[in-house]
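**Student:** kindly return the folded structure for what I paste below:
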Amino acid sequence: MNRQVAIDSLKDMPQDFELDELIERLVVLDKIEKGRKDIETGQTFSHDEAKSKLDKWLK
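**Tutor:** I've put the predicted structure just below:
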């Protein structure tokens with residue numbers, strides 16, 4: 001995440017807000033950005049791979 005994204009997020013917040021709300025928004029935006037980078041670099045799992053990993057986690 002770059003500084004401008006954080007500044008824009010802060011500007012989009014209402015005049016009165018809880019700090020937790022801003023932090024949550026920034027965390028979500030950061031995760032979206034990381035997910036997009038993973039897609040661009042091919043660091044993803046197929047549906048079957050994801051199901052297999054989930055099956056192992058649920059055991």
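
**Student:** C-alpha from now on. contacts and neighbour counts both.
**Tutor:** Noted.

**Student:** in stretch 26-41, what counts as buried?
**Tutor:** 26, 29-30 (16 or more other CA atoms under 10 Å).

**Student:** now render those residues as TSV, adding distance to residue 17.
**Tutor:** Converted to TSV, these look like this (distance: CA to CA, whole Å):
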residue	distance to residue 17
26	14
29	18
30	20
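
**Student:** nearest to residue 52 among these?
**Tutor:** residue 30 (26.8 Å; CA to CA).

**Student:** confidence score at the residue nearest to that closest one when sequence neighbours are not counted?
**Tutor:** Take residue 30 and drop its neighbours on the chain: the residue closest to it by CA to CA, 6 or more residues apart in numbering is residue 1, 5.9 Å away. With respect to pLDDT, residue 1 scores 91.

**Student:** residue 1 and residue 32: what is the separation?
**Tutor:** Applying CA to CA, to the nearest Å, the value for residue 1 to residue 32 is 10 Å.
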